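Undergrad: Structure here, sequence nowhere to be found:
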């Protein structure tokens, strides 16, 4: 699409001065030259066609810009959706990462070192906090 826009801009830059020159020439044909009515009509027709081409190029540039804006908008909406999902996943797993990091430290005095069921309790707490995060996100209507 960018190539089409660049081509339309280049053509417009070339044809716009041509249009102005043809208009001036059309006005001057009858005054400066002994042109017949047929030649004057032909000159006016060429000038009018050039004007139509320049106007069509301007319309094309506008349509291309509108299509590009629509494409960019759709792309940005998709990208925002992906960022939203990533944020939700991070909100659920961030507390879990904190708990595993905290209890993964190998130091004395950690709770549950002498209890064989401590790992099971930690797993229950992590599942519970993940469920709690999902419930909170649903209540806030974020998911």
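TA: Ah, there it is. Remember, predicted model here, so these are calculated numbers, not experimental data. Numbers count the residues shown, from 1 in each chain.

Undergrad: Where do the helices of this protein begin and end?
TA: Taking DSSP state H as the criterion, the chain contains helices spanning 2-32, 37-103, 118-139.

Undergrad: tell me the contacts of residue 66?
TA: Residue 66 makes no contacts at all, as judged by Cβ atoms under 8 Å, 6 or more residues apart in numbering. Quick note: C-beta positions are derived from backbone N, CA and C, even for glycine.

Undergrad: Run through this protein and note the low-pLDDT ranges.
TA: Scanning the chain for pLDDT under 70 picks out 29-35, 107-108.

Undergrad: Pull the number of nearby residues for the residue nearest to residue 111 when sequence neighbours are not counted.
TA: The shortest distance from residue 111 to any non-neighbouring residue, by Cβ to Cβ, 6 or more residues apart in numbering, is to residue 118 (7.2 Å). The criterion is other Cβ atoms under 10 Å. On that basis, residue 118 has 14 neighbouring residues.

Undergrad: I figured residue 118 was touching residue 124, is that so?
TA: No. Between residue 118 and residue 124 there is no contact, the gap being 10.7 Å when judged by Cβ atoms under 8 Å.

Undergrad: picking that back up, what's the spacing between the residue nearest to residue 111 and residue 89?
TA: Remark: distance between residue 118 and residue 89 (Cβ to Cβ, to the nearest Å) = 28 Å.
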